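*Asks:* take this sequence and fold it.
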Amino acid sequence: QVQLVESGGGLVQAGGSLRLSCAASGGTFNSYVMGWFRQAPGKEREFVAAISRGGGTTYYADSVKGRFTISRDNAKHAVYLQMNSLKSEDTAVYYCAADRRSGQTMQRNYSGVDYWGKGTLVSVSS
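*Replies:* This next block holds a predicted model:
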């Protein structure tokens, strides 16, 4: 059983930056692809970014490519999401996810994600 706890959310002005963190406990951290998803009010949960087990491959949604950077520290059992040039449409609850499948599969189909965090709210004011 893997527990995921997100932190780092908050209120920021458009154009600003935030760094989200996800601390993992239980399980074998480096056996999981790690990712971030988000869900805005009234909308379906959507993929944001994922990173391979070793950290060498990353995946991004088109809407965040060039603005967000995902990284992981296997020694610290942590994954991060650096968010720059934030826009009002980035406002959402952001969820950390752990998946035994591939990054491509996580990007295409979130229903098979093994573990979810409880989320952290990011609000971007325009």
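*Asks:* for the rest of this, base every contact and every neighbour count on C-alpha atoms.
*Replies:* Will do.
*Asks:* residues contacting residue 23?
*Replies:* Residue 23 makes contacts with 4-6, 77-79, as judged by C-alpha atoms under 8 Å, 6 or more residues apart in numbering.
*Asks:* same check on residue 48?
*Replies:* By C-alpha under 8 Å, 6+ apart, the contact set of residue 48 is 35-38, 60-61, 64.
*Asks:* ok, now residue 116?
*Replies:* Residue 116 sits next to 3-4, 95-98 when contact means C-alpha under 8 Å, 6+ apart.
*Asks:* and which of these is nearest residue 119?
*Replies:* Among those, residue 95 lies closest to residue 119 (C-alpha to C-alpha), at 4.4 Å.
*Asks:* which SSE is residue 82 in?
*Replies:* strand 78-83 (DSSP states H and E).
*Asks:* buried stuff in the next helix or strand after that strand?
*Replies:* Proceeding N to C from strand 78-83, the next assigned helix or strand is strand 92-99, under DSSP H and E. Residues of strand 92-99 classed as buried: 92-99 (neighbour count, 16 or more other C-alpha atoms under 10 Å).
*Asks:* stretch 82-89 too?
*Replies:* Buried-residue list, stretch 82-89, by 16+ other C-alpha under 10 Å: 83-84, 86-87.
*Asks:* and for it, what's in contact with it?
*Replies:* By C-alpha under 8 Å, 6+ apart, stretch 82-89 touches 13-20, 67-70, 123-126.
*Asks:* mind doing that once more with 6 Å?
*Replies:* 14-19, 67-69, 124-126 (C-alpha atoms under 6 Å, 6 or more residues apart in numbering).
*Asks:* beta partners for the residue most central in space within the chain?
*Replies:* In the chain, the centroid-proximal residue (C-alpha atoms, centre = their mean) is residue 36; its distance is 1.8 Å. Assessed by DSSP bridges, residue 36 has beta-bridge partners residue 49, residue 96.
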